[in-house]
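Asker: pasting the sequence and the predicted model now:
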Amino acid sequence: MENEKKTDSREWELDAETEYRFELDPGTSLAIKLVQGQAEVFGTELAEGKQYLFGSECKASVFTWQGCVLEISHPSTEYVSEETPMATYANLHIAFEQMRVRALNAVHGSPNSDDDSDANAEPPRVLVLGPENSGKTTVCKILTNYAVRAGQDWSPLLVNVDTSEGGWSCPGAISAAPVHSPLPTCSPANPLGSAATSAPTALSSNALLPLVYWYGHTETKRNPLLLDRLIRNLGDNVREKYDADPEGRASGIIVDTPSSFASSSSSSSSSDHRHTLIKSCVDAFGINVILVVGHEKLNVEMQRTYGSRLSVVKIPKSGGVVELDHSYRERVHNYQLRTYMYGQVIEAPPGISSATLGGETMTDLVLSPSSVVIGFDDLTIYRIGEESMAPSSALPIGGTRILSEMQPVLIDPAQSGSGLLNAVLALLAPLNPNDSERYDEEILDLNVTGFLIITSLDIQSRKMTILAPNQGSFAGRTAVVGSFEWQDQ
Ligand SMILES: Nc1ncnc2c1ncn2[C@@H]1O[C@H](COP(=O)(O)OP(=O)(O)OP(=O)(O)O)[C@@H](O)[C@H]1O
């Protein structure tokens, strides 16, 4: 009881269709309780009377369709806005819902009454494009959550090809997971909820089982050829999954993209890359709707390129989207890596005793990674492509580049300057056991089973220490290093 008295919280009464927005500074947390009415955070409903915790510099909003009363402890920045694009997003959701129902009817052989043919009864496969800080991830989350909440047992496939974000795993990865229950928002460390691979599966929001490929860098322009290949690999997997599950396919696909897909750069080569990568997504996931978030020029560009064969829809950007700067994004990468290894701990603000993380009753999702010492030869480590490539024009006349951007280059941990100390490595699925089916670039096509960090290298005794979420054996395994570094705080 004494605890309750110290709570520095305030009641906010929100009118229908308004939203309460907040931002948190480093090291602070926030608790929100729905006292009365209906409220949701990026499409996930809040239950009345529960304390929801937010931390790790989270920036988000609580929207209400019908009005509500909230009890909120002290955030760093807060305000209420009456102008939101939620009505547009809800209309989009309704349109997608109709597409899903028609697609499912077609699978079941039930006629779609208003339709003369079921041939175009396709579920929504949506590509969300937009510039930096336009709210793409948030739109994807809202549309996914609304689909899950529709009560039709939909489990839309959420695909993240934004390598600067990391989705369910580590930054630098691209991934896809069918979503069965609303995605919580509590920290930018896991913007799409936590995956079963890094958190207790007892929590419903952690039951996500993503398929992950490792690109290894933030910037798409660093190796667009590799990213193109990984997107196509992800698409092939999704197609296989849906070939075997036509009912599941009716839930549709929502693809979140990096802002580099939208930024028109002056250099023609990066513009080429961007078009190639958008096209890889359109082909890989059979996209039939492109949503352009608040960008007139990109909308016109997409209309011109794709307007004749799929729907291109421009949607407004929310005024609540926060401009995230470079140093914030770097801090978020660190939060993500730390959360992957150690779980999520958000300390409740003073006076709040029982709180939930994203609606789950546990506040401390503490994980204990293991630190193991292995021999240099236990793990085969590659980097994809050469670190720095001289332009072809700089090569001697008649010289050809030996290493391509797609070439797996074997790294020797014993070599000084290997760049492995504190590097984040993706552990790949096993190579094909049948030697005759192996091929040079096989490791580009293997998905990721986990991530690890090399925390020390002992060159004399040819041993290294590895931090990993679980104590598996690494003998005979293959890992790929990218450009992410573990920072021990
Ligand atoms: N309505 C809102 N109110 C408050 N914060 C919001 C709102 N919408 C989005 N945000 C926050 O703004 C930030 C940027 O949003 P989001 O990540 O969706 O944008 P993005 O376009 O995907 O970003 P990126 O530039 O990384 O591609 C996030 O921290 C998100 O939680």
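Answerer: Cool, the structure landed.
Asker: what residue ranges in the stretch 201-350 of the chain are flagged as low confidence?
Answerer: Residue ranges of the stretch 201-350 of the chain with pLDDT under 70: 201-208, 264-270.
Asker: and the pLDDT for His74?
Answerer: Looking at His74, its pLDDT is 75.
Asker: if I pick it, what's in contact with it?
Answerer: Asp8, Ser9, Arg10, Leu30, Pro349 (CB atoms under 8 Å, 6 or more residues apart in numbering). No exception for glycine: its C-beta is placed from N, CA and C like everyone else's.
Asker: separate out the buried members of those.
Answerer: Ser9, Leu30, Pro349 (16 or more other CB atoms under 10 Å).
Asker: sort out which one of these lies nearest the ligand for me.
Answerer: Minimum distance to the ligand across the buried ones among the contacts of His74 is 12.4 Å, recorded for Leu30 (CB to the nearest ligand atom).
Asker: so what's the closest one up against?
Answerer: Contacts of Leu30 (CB under 8 Å, 6+ apart): Phe22, Leu24, Leu53, Phe54, Gly55, Cys58, Ile72, Ser73, His74, Pro75, Pro349.
Asker: that older thread, so can I have TSV of the buried ones among the contacts of His74 showing distance to Tyr328 and secondary structure?
Answerer: Output for these, formatted as TSV (distance: CB to CB, whole Å; DSSP: H, G, I helix; E, B strand; the rest coil):
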residue	distance to Tyr328	secondary structure
Ser9	26	coil
Leu30	17	strand
Pro349	21	coil
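Asker: near Leu46, how many other residues are there?
Answerer: 21 (other CB atoms under 10 Å).
Asker: and stretch 56-66, how far out from the chain middle?
Answerer: Distance of stretch 56-66 from its chain centroid, counting by CA atoms, centre = their mean, to the nearest Å, is 19 Å.
Asker: list the buried residues in it.
Answerer: So for stretch 56-66, counting by 16+ other CB under 10 Å, buried means Ser56, Glu57, Cys58, Lys59, Ala60, Ser61, Val62, Phe63, Thr64.
Asker: now swap in stretch 36-43 and tell me
Answerer: Buried residues in stretch 36-43 (16+ other CB under 10 Å): Gly37, Ala39, Glu40, Val41, Phe42, Gly43.
Asker: end-to-end on that stretch?
Answerer: In stretch 36-43, first residue to last residue: 18 Å (CA to CA, to the nearest Å).
Asker: ok, that stretch near the ligand or not?
Answerer: No - against the ligand, stretch 36-43 shows no contacts by CB under 6 Å from any ligand atom, the least distance being 7.3 Å.
Asker: now that stretch, how far from the centre of its chain.
Answerer: That offset, for stretch 36-43, works out to 23 Å (CA atoms, centre = their mean).
Asker: list the contacts of that stretch.
Answerer: So stretch 36-43 is in contact with 14, 45-46, 48, 52, 60-70, 138, 141-146, 149, 182-185, going by CB under 8 Å, 6+ apart.
Asker: can I get the buried residues of stretch 36-43 in CSV with secondary structure and pLDDT?
Answerer: Converted to CSV, the buried residues of stretch 36-43 look like this (DSSP: H, G, I helix; E, B strand; the rest coil; pLDDT from 0 to 100):
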residue, secondary structure, pLDDT
Gly37, strand, 95
Ala39, coil, 96
Glu40, strand, 96
Val41, strand, 95
Phe42, coil, 95
Gly43, coil, 95
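Asker: helices or strands up against the longest helix along the chain?
Answerer: Longest among the helix segments of the chain by residue count, using DSSP state H, is helix 86-108. Other elements packing on helix 86-108 under the criterion 3 or more CB pairs under 8 Å, 6 or more residues apart in numbering; DSSP states H and E are helix 136-149, helix 246-249, strand 311-315.
Asker: again, only this time at 10 Å
Answerer: strand 59-64, strand 125-129, helix 136-149, helix 246-249, strand 289-293, strand 311-315 (3 or more CB pairs under 10 Å, 6 or more residues apart in numbering; DSSP states H and E).
Asker: distance to the ligand for these - can I get that in a markdown table?
Answerer: Formatted as a markdown table, the helices and strands packed on helix 86-108 follow (distance: least, CB to the nearest ligand atom, whole Å):
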| stretch | distance to the ligand |
| --- | --- |
| strand 59-64 | 3 |
| strand 125-129 | 8 |
| helix 136-149 | 3 |
| helix 246-249 | 26 |
| strand 289-293 | 7 |
| strand 311-315 | 12 |
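Asker: okay, now the closest residue to the ligand within the stretch 201-350 of the chain: neighbour count?
Answerer: Nearest to the ligand, among the residues of the stretch 201-350 of the chain, is Gly320, at 2.6 Å (CB to the nearest ligand atom). Gly320 has 21 neighbours, counted by other CB under 10 Å.
Asker: quick one: secondary structure of it?
Answerer: Here Gly320 is recorded as coil under DSSP: H, G, I helix; E, B strand; the rest coil.
Asker: tell me which residues in stretch 78-93 are buried?
Answerer: Glu78, Thr84, Pro85, Met86, Tyr89, Leu92, His93.
Asker: okay, those in a markdown table with distance to Asn120 next?
Answerer: Shown next, in a markdown table, are the buried residues of stretch 78-93 (distance: CB to CB, whole Å):
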| residue | distance to Asn120 |
| --- | --- |
| Glu78 | 46 |
| Thr84 | 32 |
| Pro85 | 28 |
| Met86 | 29 |
| Tyr89 | 24 |
| Leu92 | 19 |
| His93 | 20 |
